[in-house]
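[1] based on what follows, work out the 3D shape:
(chains A and B)
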2 protein chains.
Amino acid sequence: MTEVAVFGYGTVGSGVVEVIEKNAEPIASRGEGLHVKYILDLRDFPGDPYADRVTHDADVIYGDPEIKVICETMGGATFAYDYTKRALSAGISVCTSNKELVELHGAELYRLAKENNCSYLFEASVGGGIPLIRTITQALTAERIERICGILNGTTNYILDRMEKAGLDFATALKEAQELGYAEKDPTADIDAHDPCRKIAILTSLVSGKKTDYSDIPMEGIRDISLNDLAYAWMLGGTVKLIAMSEFDKDGCRAIVSPRVIKRDNPLFAVNSVFNAVLIHSDMLDDSMYYGRGAGKLATASAVVGDAIECARNAGRTIECGWSEEKLVLADASGMKQSYLLRLKKSALPKLEERIAIEEKLEPTEEFLREHGLDPKDFADEMAVVSGEMSEKEWKEKIAGVDGVIRYIRM
Amino acid sequence: MTEVAVFGYGTVGSGVVEVIEKNAEPIASRGEGLHVKYILDLRDFPGDPYADRVTHDADVIYGDPEIKVICETMGGATFAYDYTKRALSAGISVCTSNKELVELHGAELYRLAKENNCSYLFEASVGGGIPLIRTITQALTAERIERICGILNGTTNYILDRMEKAGLDFATALKEAQELGYAEKDPTADIDAHDPCRKIAILTSLVSGKKTDYSDIPMEGIRDISLNDLAYAWMLGGTVKLIAMSEFDKDGCRAIVSPRVIKRDNPLFAVNSVFNAVLIHSDMLDDSMYYGRGAGKLATASAVVGDAIECARNAGRTIECGWSEEKLVLADASGMKQSYLLRLKKSALPKLEERIAIEEKLEPTEEFLREHGLDPKDFADEMAVVSGEMSEKEWKEKIAGVDGVIRYIRM
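    Sure thing, here's the model as predicted:
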């Protein structure tokens, strides 16, 4: 039996205790089993079945030589950072769901783990219960990963899905997501794409082996996506998803988080509701996809516990992920090549056609718009076009001089 | 640098050498790097760039203390079995793509690896380059896996896809698959479901921790699937896929491989062409799916090399998968509950309605049939119904006395 302490008894922390207790039998069949000896939290939990394990004193835990693994589910990058450093320095492995801390200090904490023959694992920090970190660090290790393209935020995927399927506008869909508990009261981290940006930064770090700062990655949320944008995506047999992407080639790595038109033949097209999925393109395997619940108390907790089991199995050594503290200098994302869906005033078309080759023109019929609950009046003097593939730098130069451009969405 | 020997220089074996050479850089970034020192094969390969590494004498390899990992890609369960036992007994880790050997002797070979502080890994034996084995043995370890439902054979998925999309009949689609090299000259192992049955046996073993014999699993191939069957699936907004399934509950485990109607809302619906995918339902994570190329020289080879990297990282110890040699006694698959798509003579309907509750009746219009290139005459006196959920045992009893039953497909 490996003795475990849980740091932070909130949603994920209480999930960790629940998973360890409820699935004691399958967990034991995977090794020697786990037992929660302590729960560290500032609060008391009178009446909680595990109230007797709650302590406010971290020293009790660090002072107990039986504790081999700490599940850190406190969140934030201040106290959690100190607690994690202290644990790893003492040779206690740490498993976490704390994407903020992993994004900021993961490389350093991994080094600290290596120096002390223990492990720092963070499967739950990206994609909840979907094994993405292991896939990159332990499975696709013979591959040259060329592109990661992921739906890494369930909240925004839910909102876009409801806009798509129920014809809700953004504000209404957001309100619904908040009422259902899928979106926070302050939804900024999700809808402005900070959350998926942190996650793609972590994945990019693991692919490159270098430290990727999320603040270096351009991000664009879904606040401005309207049903009018979606109408043109539908005409293409597609939809709009918030996609976190990084590409690796001889010029280095480019990353960006932004809404994109995803067509029906893309495996990400069918990823609905709060589900997450990551499509990885690599040189030998080609496309592979990993799909599941990217959030939720038990799914996330289960990933933390899965990590704890790996730590127990690998006691006294470090599970490697090859993450150095060297900073990854990202190539300019505007060098990323793609095509664009451009909404524009009909009057702007001739000028635009002088400047770019247009692959498709989209003018929705009144019938199509009414079917989708849209007002034909809003589309009276506008249309959309699909461009060929070019870098965003080139694209922006081409459309710069054209009057009547409304907005564009990457494809 | 870890020295590796490749046993068998056929399709996968030469792929292993190619991956190690071509991706030397990303592989080295994951650890200390791999180097192919020997290739064991009965044949010579004059002119091959690695001809100088070919040996016919296994003793040279076993006698070289530098060799830490053997990639066994010989196939078959006779020579490969002996070679693997000898390697593991000598403390040399073995990675393999050989599903036949893994299915037959995996549990014993894993024990042998444990006894000798080395590893026996077989990611490539199921789902080619998709990390399924690791997902079960190392990632979803805190989960109680309740159901595995997979498209584990690319050949049959390709054939069904071509029947579906191009309206080819089974024989024509098979011929096309053979011409493209997707199907063997003797296609029995694929179309009669031996191949996916071996694979689900391996996955079932790893979930249960016991030895699952594939010969205990009922299997039904796709030889008898006709466009007329597909027509009814289409009416339901679905299609037919060859599904390998195992279910785990308090009664134990039930497994079966058979064609099934898969509806549009099932993530497996969109798995086309030669792609494989596995949908895992577990208690904490709910549904998760793993998708990619389930076969092909480089995808399979890459999984073998990924295993070799793990062996090198874990030198001197065993990567655990919790597989005992105790036999898994499967519960009777006829206890598995599902609904059924039943084709029957129209005249049989009244009798059938006396015996089962019918959820849906399907009578294709002439227009629908013509649109799909089908002859309405063939459907003149037949129809289909969808039943409620019941065990197959109960289902068979219910339809036993009904004259005019044509055939049924599980849903």
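
[2] A:L374 contacts A:N228, correct?
    Yes: between A:L374 and A:N228 a contact is recorded at 7.0 Å, counting by Cβ atoms under 8 Å. No exception for glycine: its C-beta is placed from N, CA and C like everyone else's.

[3] average pLDDT across stretch A:68-81?
    For stretch A:68-81, the mean per-residue pLDDT is 97.

[4] what residues sit buried inside it?
    When burial is assessed from 16 or more other Cβ atoms under 10 Å in any protein chain shown, stretch A:68-81 yields the following buried residues: A:68-75, A:77, A:79-81.

[5] likewise stretch A:173-189?
    By neighbour count on 16+ other Cβ under 10 Å, the buried set for stretch A:173-189 is A:173-174, A:176-178, A:182-183, A:187, A:189.

[6] okay, domains of chain A per the record?
    Chain A breaks down into these domains under automatic domain parsing: A:2-129+A:297-313, A:135-293, A:336-410.

[7] could I get those domains as CSV with distance to chain B?
    Shown next, in CSV, are the domains of chain A (distance: least, Cβ to the nearest Cβ, whole Å):
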stretch, distance to chain B
domain A:2-129+A:297-313, 4
domain A:135-293, 3
domain A:336-410, 19
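
[8] so which of those domains gets nearest B:V16?
    domain A:135-293 (9.1 Å; Cβ to Cβ).

[9] give me the distance between the two termini of the closest one.
    16 Å (Cα to Cα, to the nearest Å).

[10] what's near enough to touch the residue nearest the centre of chain A?
    For chain A, A:L152 is the residue whose C-alpha lies nearest the centre (Cα atoms, centre = their mean; 3.0 Å). Residues in contact with A:L152 (Cβ atoms under 8 Å, 6 or more residues apart in numbering or on different chains) are A:126-127, A:195-196, A:199-200, A:244, A:276, A:278, A:294.

[11] at 6 Å what do you get?
    A:196, A:199, A:244, A:276 (Cβ atoms under 6 Å, 6 or more residues apart in numbering or on different chains).

[12] surely the last one forms part of a strand?
    It refers to A:N276. Yes: under DSSP: H, G, I helix; E, B strand; the rest coil, A:N276 falls within a strand.

[13] and the spatially closest residue to it that is not a sequence neighbour, what pLDDT?
    Leaving aside its sequence neighbours, A:N276 sits nearest to A:G294 (Cβ to Cβ, 6 or more residues apart in numbering or on different chains; 2.8 Å). Turning to A:G294, the model gives it a pLDDT of 86.

[14] and the two most separated of the buried residues of stretch A:68-81?
    Most distant of the buried residues of stretch A:68-81, by Cβ to Cβ, are A:K68 and A:A77, 24.4 Å apart.

[15] in what helix or strand does A:F248 lie?
    strand A:238-249 (DSSP states H and E).

[16] what is the rounded mean pLDDT of the following helix or strand past that strand?
    Counting by DSSP H and E, the next helix or strand C-terminal to strand A:238-249 is strand A:252-263. Mean per-residue pLDDT for strand A:252-263: 97.

[17] what comes up buried for strand A:252-263?
    Buried residues in strand A:252-263 (16+ other Cβ under 10 Å): A:253-262.

[18] next one: stretch A:184-204
    A:187, A:189-204.

[19] got it, and stretch A:402-411?
    So for stretch A:402-411, counting by 16+ other Cβ under 10 Å, buried means A:402, A:405, A:408-411.

[20] just the residues you listed now: which is nearest B:A28?
    Closest to B:A28 out of the buried residues of stretch A:402-411 is A:R410 (34.2 Å), distances taken as Cβ to Cβ.

[21] show residues contacting the strand holding A:F248.
    Residues contacting strand A:238-249 (Cβ under 6 Å, 6+ apart): A:146-152, A:156, A:160, A:164, A:196, A:200, A:204, A:222, A:225, A:230, A:233, A:253-257, A:259-263.

[22] then stretch A:95-110?
    With Cβ under 6 Å, 6+ apart, stretch A:95-110 has contacts from A:12, A:71-73, A:75, A:77, A:80-81, A:84, A:120-122, A:124-125, A:198, A:201-202, A:211, A:214, A:300, A:304, A:307-308, A:323, A:325.

[23] can you give the distance of it from its chain's centre?
    14 Å (Cα atoms, centre = their mean, to the nearest Å).

[24] before we move on, what about stretch A:272-285?
    On Cα atoms, centre = their mean, the centre of stretch A:272-285 falls 11 Å from that of its chain.

[25] below-threshold pLDDT in the stretch 201-350 of chain A: ranges please.
    Within the stretch 201-350 of chain A, no stretch has pLDDT under 70.

[26] what segments of it are helices?
    Using DSSP state H, counting those that start in this stretch, the helices of the stretch 201-350 of chain A run over A:227-235, A:297-313, A:349-355.

[27] and the first one, what other elements does it pack with?
    Secondary-structure packing of helix A:227-235 (3 or more Cβ pairs under 6 Å, 6 or more residues apart in numbering or on different chains; DSSP states H and E): strand A:238-249.

[28] in its sheet, what does the strand it packs on sit against?
    Using DSSP bridges, strand A:238-249 pairs in its sheet with strand A:145-151 (antiparallel), strand A:252-263 (antiparallel).

[29] ok, for A:G75, nearest residue in space, not its chain neighbours?
    The spatially closest residue to A:G75, leaving aside those adjacent along the chain, is A:N98, at 5.4 Å (Cβ to Cβ, 6+ apart).

[30] and if you look at A:A333?
    A:I256 (4.4 Å).

[31] who's in contact with that neighbour?
    A:218, A:245, A:333 are the contacts of A:I256 under Cβ under 6 Å, 6+ apart.

[32] list the contacts of the last one.
    The one in question is A:A333. Residues near A:A333 by Cβ under 6 Å, 6+ apart: A:218, A:254, A:256.

[33] then the first one?
    Remark: with contacts taken as Cβ under 6 Å, 6+ apart, A:P218 is in contact with A:256, A:333.

[34] phi first, then psi, for it.
    With angles defined as degrees, to the nearest 10, A:P218 sits at phi -60, psi 140.

[35] I'd assumed B:E143 was in contact with A:V305.
    No: A:V305 lies out of contact with B:E143 (Cβ atoms under 6 Å); the separation is 8.9 Å.
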